[in-house]
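Asker: dropping a prediction and its sequence here:
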Amino acid sequence: MSNTVNLLGQMITDFKYSHSLYGECFYSATLEVKRESGKTDLIPLLVSDRVVNVSESLNNTCVHVSGEFRSYNQHEDNKSKLKLYVFVHEIVSVENTHNINDVFLEGYICKPPTYRHTPLGREICDVMLAVNRCFNKSDYIPCIMWGRNAYYARTFKAGDCIRVAGRVQSREYIKDNETKTAYELSVNLVEVC
């Protein structure tokens with residue numbers, strides 16, 4: 001499959017109604033997954049009431065989640081913003097063992113990669129990946145690569161097919177005096193299809 005997500009972490013919110021589509025109701029929630037560094041990633045989930053009983057609270061429960069990393073454009077004030085989330089296929093309560101944050105994607109590069117150096121001299125490359133799914137839809141996933149992977153990815157071109165593995169990463173930033181959260185795939189393996 002070209003889009004798989006495997007997570008193990010702690011639910012930090014209850015399910016909140018999001019929207020309905022063709023008689024199916026969808027709910028959002030947030031999963032906290034700790035990194036080995038001690039930092040945490042807060043991962044937005046979207047789950048159908050056909051997958052889980054949303055009236056039962058999973059807040060503060062350790063769960064295993066499998067699904068897909070997806071995106072949609074949210075339109076507000078004549079602007080469009082790319083929103084990312086994990087579309088849940090299965091969610092199961094588990095005994096807390098260790099945190100897992102594994103993502104595998106295969107897709108096509110949408111625009112030329114942006115290669116640069118951080119202020120500390122570390123190589124970094126941003127890639128926008130289009131991952132196809134059923135019904136002629138695509139998810140657009142921003143990917144960030146570091147070091148050798150960044151140096152390798154700088155030569156990619158729009159239209160190239162690549163496979164990446166990594167983790168869903170959340171990071172806060174400040175824009176217009178407001179704290180916001182960005183989501184992306186932090187890549188640790190990349191190869192050309």
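Answerer: Sure thing, it's come through.

Asker: contacting residues around the residue lying closest to Asp160 once chain neighbours are set aside?
Answerer: Closest residue in space to Asp160, ignoring its immediate chain neighbours: Ile109 at 4.9 Å, by CB to CB, 6 or more residues apart in numbering. Heads up, the C-betas are built off the backbone N, CA and C, glycines and all. Listed by CB atoms under 8 Å, 6 or more residues apart in numbering, the contact set of Ile109 reads Val127, Met128, Leu129, Ala130, Phe156, Lys157, Ala158, Gly159, Asp160, Ile162.

Asker: beta partners for Glu68?
Answerer: Judged by DSSP bridges, the bridge partners of Glu68 are Phe87.

Asker: that one touches His89, doesn't it?
Answerer: Yes. The pair Glu68 / His89 is scored as a contact, 7.2 Å apart, by CB atoms under 8 Å.

Asker: name the nearest of the contacts of Ile109 relative to Ile100.
Answerer: Among those, Leu129 lies closest to Ile100 (CB to CB), at 21.5 Å.

Asker: please name the nearest non-neighbouring residue to the closest one.
Answerer: Gly107 (4.3 Å).

Asker: which SSE is the one you found in?
Answerer: strand 100-109 (DSSP states H and E).

Asker: which stretches of the chain have low pLDDT?
Answerer: Within the chain, the stretches with pLDDT under 70 are 1.

Asker: would you map the helices across this structure?
Answerer: Using DSSP state H, the helices found in the chain span residues 147-153.

Asker: compare Glu68 and His89 (neighbour count), which wins?
Answerer: Legend: neighbour count by other CB atoms under 10 Å for Glu68 and His89, higher for Glu68 (20 against 14).
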